[in-house]
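[1] here is a sequence together with a model predicted from it:
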Amino acid sequence: MPHEPFDAVDVIGAKRDGRTLTPDQVDWVVDAYTRGVVAEEQMAALAMAVYLNGMDRHETSRWTAAMIASGERMDFSSLSRPTVDKHSTGGVGDKITLPLAPLVAACGLAVPQLSGRGLGHTGGTLDKLESIPGWRAALTNDEVLAQLESVGAVICQAGSGLAPADRRLYALRDVTGTVESIPLIASSIMSKKIAEGTGALVLDVKVGTGAFMKDLDRARELARTMVDLGTDAGVRTVALLTHMSTPLGLTAGNALEVRESVEVLAGGGPADVVDLTVALAREMLQAAGRPGTATTDPADVLADGRAMDTWRAMISAQGGDPDAPLPTARETEHVLAPADGVLVGLDALAVGVAAWRLGAGRARKEDPVQAGAGVELHARPGALVRAGQPIMTLHTDTPERFDRARQALADAVVIAPEGSRPPERPLVLERVAAD
Ligand code: URA
């Protein structure tokens, strides 16, 4: 056995007693965990101590660097265009990556969007794209580079070599009640994004019932921590705090969201999806040092079909058929408005859980998802509705799921007397940039 410079129990004790870990202690504990020298139960105790006592900016930065060092780093320096990526902390109906990546590529940048699958009530980008016949999520590093050069956008599965320490630690946090720690969430997300090798990064930090962060103060703190981590690592990073108390757009579910994204790329689609896509695209161009010009303003590139051309090229390059009909669920049922009036509330979490129960999401990472399952909305807050009018359609291949989905939606819809108005909430709440 090689001699170890620290003892796991001492490191755990230091954090348990509220002390700051030294850079050497952080490097060692993450590396020793990856090598199997620090046991799962020791890392679980340390994660709980971090959850309770936090980490300061230097510790969090060092922790992130140690997780990056546990694996490989991608290198995009040979590309002719600057790289920029977007990460969302996850929301219901959040299909923005689908139109955004080709849009930003059509504006002249390279977008390496290394993504994951959904777990729980928020959908995964790869699950959505896998509803397109033939589309392939797993690419080699050489394929990623070649597609970035030829098409400008890649959305694919993050390789297992990126930040492997995070992969293990995230699975451990998931079963030890230590996920909701700001330094651990921030270092987890940013270690993967920095290892991915992007030059600039725009973070979409969701706030509200359908998001990880339910209140604005915690979301702001998470955004600030991630922006600082990116900046310290030389990645130009900016965050938008965006509203997630009602679903984005009119669909939640894999193929349903692809259909809506294609509508946006065709110049239509719901206004909130279009507005957020354009807002994030403008931030990405600016972060990459290429702010839009008269010929590359994202709103125009989306409206005139150039982003759609890149979408088609991106899907085809990964084996997908952009013209193939998308799968649809075998069974549908309507949810009816319970009263006359104005729809003033439509809870994101409830819609996300319903879509998940219908088969759009998975409870365990090995579970399959149904491509056609999900929830389609026919009214958004502000709409005048009549009792008995369909306000949602539920889609699934397995009709025994309808009851549990309806249970999730029991309190999701709030209807107020005619003349009422839903609370005014801008989609983009705040912007957090480097100090
Ligand atoms: N997403 C991640 O990748 N890590 C976290 O800790 C939380 C969300």
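    Structure received.
[2] who's in contact with the residue in the chain that the ligand sits nearest to?
    Closest residue of the chain to the ligand, Cβ to the nearest ligand atom: residue 188 (3.4 Å). (Each C-beta comes from the backbone N, C-alpha and C, glycine too.) By Cβ atoms under 8 Å, 6 or more residues apart in numbering, residue 188 lies in contact with 67, 166, 169, 170.
[3] is the lowest-mean-pLDDT helix or strand in the chain positioned near the ligand?
    In the chain, the helix or strand scored least confidently by mean pLDDT, DSSP states H and E is helix 164-174, which has a mean of 91. Yes: in terms of Cβ under 6 Å from any ligand atom, part of helix 164-174 sits within range of the ligand, namely residue 170.
[4] any idea which helix or strand comes after that helix?
    Next along the chain after helix 164-174, taking DSSP states H and E as the criterion, comes helix 182-196.
[5] export that following helix as PDB, just CAs?
    Written as PDB, here are the backbone C-alpha positions of helix 182-196 (Å, rounded to 0.1, in the frame of the first residue of the first chain):
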ATOM      1  CA  ILE A 182     -24.700  24.700  -3.200                       C
ATOM      2  CA  PRO A 183     -20.900  24.000  -3.200                       C
ATOM      3  CA  LEU A 184     -21.600  20.400  -4.200                       C
ATOM      4  CA  ILE A 185     -24.100  21.200  -6.900                       C
ATOM      5  CA  ALA A 186     -21.900  24.000  -8.300                       C
ATOM      6  CA  SER A 187     -18.700  21.900  -8.300                       C
ATOM      7  CA  SER A 188     -20.600  18.900  -9.800                       C
ATOM      8  CA  ILE A 189     -22.000  20.900 -12.800                       C
ATOM      9  CA  MET A 190     -19.000  23.100 -13.400                       C
ATOM     10  CA  SER A 191     -16.400  20.200 -13.200                       C
ATOM     11  CA  LYS A 192     -18.200  18.600 -16.200                       C
ATOM     12  CA  LYS A 193     -18.500  21.900 -18.100                       C
ATOM     13  CA  ILE A 194     -14.900  22.900 -17.600                       C
ATOM     14  CA  ALA A 195     -13.600  19.400 -18.400                       C
ATOM     15  CA  GLU A 196     -15.700  19.600 -21.600                       C
END
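[6] so that helix versus helix 164-174, what angle?
    Taking axes from the mean of the first three to the mean of the last three Cα atoms, to 10 degrees, helix 182-196 and helix 164-174 form an angle of 150 degrees between their directions.
[7] so which elements touch the helix or strand following helix 182-196?
    Proceeding N to C from helix 182-196, the next assigned helix or strand is strand 200-207, under DSSP H and E. Under the contact criterion of 3 or more Cβ pairs under 8 Å, 6 or more residues apart in numbering; DSSP states H and E, strand 200-207 touches strand 84-88, helix 216-232, strand 236-243, helix 271-287.
[8] so the shortest one versus strand 236-243, what angle?
    Going back to what we said before, that points to strand 84-88. Using the same axes, to 10 degrees: strand 84-88 against strand 236-243 is 30 degrees.
[9] could you identify the helix or strand that succeeds strand 84-88?
    helix 97-106.
[10] adjacent strands (with direction) for the next helix or strand after that following helix?
    Using DSSP H and E, the helix or strand that directly follows helix 97-106 along the chain is strand 111-115. Paired with strand 111-115 in the same sheet, following DSSP bridges, are strand 153-157 (parallel).
[11] which secondary structure element contains residue 354?
    helix 348-355.
[12] and that helix with strand 200-207, angle?
    100 degrees.
[13] does anything pack onto helix 348-355? Which helices or strands?
    strand 251-252, strand 374-377, helix 402-408.
[14] now those as JSON lines including distance to the ligand, mean neighbour count and mean pLDDT?
    Below are the helices and strands packed on helix 348-355 laid out as JSON lines (distance: least, Cβ to the nearest ligand atom, whole Å; neighbours: other Cβ atoms under 10 Å; pLDDT from 0 to 100):
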{"stretch": "strand 251-252", "distance to the ligand": "19", "mean neighbour count": "32", "mean pLDDT": "98"}
{"stretch": "strand 374-377", "distance to the ligand": "22", "mean neighbour count": "26", "mean pLDDT": "98"}
{"stretch": "helix 402-408", "distance to the ligand": "22", "mean neighbour count": "16", "mean pLDDT": "98"}
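[15] tell me which of those lies nearest to residue 430.
    strand 251-252 (24.9 Å; Cβ to Cβ).
[16] which other helices and strands contact the closest one?
    In terms of contacts (3+ Cβ pairs under 8 Å, 6+ apart), strand 251-252 is packed against helix 254-265, helix 348-355, strand 374-377.
[17] I'd like these as JSON lines, with distance to residue 204 appended.
    JSON lines is the format used below for these (distance: least, Cβ to Cβ, whole Å):
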{"stretch": "helix 254-265", "distance to residue 204": "15"}
{"stretch": "helix 348-355", "distance to residue 204": "14"}
{"stretch": "strand 374-377", "distance to residue 204": "21"}
